[in-house]
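Novice: Turn this into a model:
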Amino acid sequence: MPGRQKHPYQAPANWGILLGGEMSKASVELLESVGAGDIKHPGGTLLSHLLRVEGKLTEWGAREDVREAGLTHALFAPDGSPDPMYSMLDLSERPRVAKVIGEAAEGLVYLYGAMDRKYTYPHLADEKDHWRDRFTGELRTLTEQEIRDLMEISVANECDIASHNPEFHAKYGPEFLELFTRMRATLSEDAWGEVQHVLG
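Specialist: Numbering: from 1, shown residues only. Purely as a prediction, here's the structure:
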């Protein structure tokens, strides 16, 4: 597959402890099974990026389902990902993912991956119909907690990319700084600190 490069990454034997438990270990095994360790990505490979995202969320005290969603957020090729390089799983495999990471985390992975960013980002602060499914066109009104969870994952993800890719930082940094500043009330103090440190 174009863009793939075999990656020497070897997860430590105690990765289940390092990542917070057996569920995260199973998540990494799933990611490796679909090639995340072979896909080039700013800062190394897609897998190393995902591990860093999960690590940030853990540092910030995120719930387990949010950490799992951060670790696996690329499974359904989020909007803006170079396709087909990041198309690891078809949406028909959502039940398989839910068995590995739990239904709550899988729901967040879908919300993140299916989000139509061009529509959703400008509307996130609206009272209703602020999230659009890029696969079906469905409009949804998310709960306050869902918005907070999506924003935490988004900050961890975009700030990690920006910190490893100067071109991404220069091109998209101002756009994400505006978004995260506008959504400041939904961010944890740690996530906001990361925004200021990386994008400010």
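Novice: For the chain, which segments count as helices?
Specialist: Using DSSP state H, the helices of the chain run over residues 15-18, 22-33, 46-59, 64-71, 94-101, 103-114, 117-123, 144-164, 166-182, 189-198.
Novice: Neighbours of the residue nearest to residue 180 when sequence neighbours are not counted, how many?
Specialist: Leaving aside its sequence neighbours, residue 180 sits nearest to residue 195 (CB to CB, 6 or more residues apart in numbering; 4.6 Å). Using the backbone N, CA and C atoms, a C-beta is placed for each residue, glycine as well. Neighbourhood size, residue 195 [other CB atoms under 10 Å]: 23.
Novice: Skipping adjacent residues, who's closest to the residue sitting nearest the centre point of the chain in space?
Specialist: What sits nearest the mean C-alpha location of the chain, by CA atoms, centre = their mean, is residue 73, with 3.8 Å. Closest residue to residue 73 apart from its sequence neighbours, by CB to CB, 6+ apart: residue 112 at 4.9 Å.
Novice: Now for the one you found: which residues touch it?
Specialist: 69, 73, 78, 150, 153-154 (CB atoms under 8 Å, 6 or more residues apart in numbering).
Novice: pretty sure residue 105 contacts residue 73?
Specialist: No - contact criterion CB atoms under 8 Å: residue 105 and residue 73 do not qualify, at 9.7 Å.
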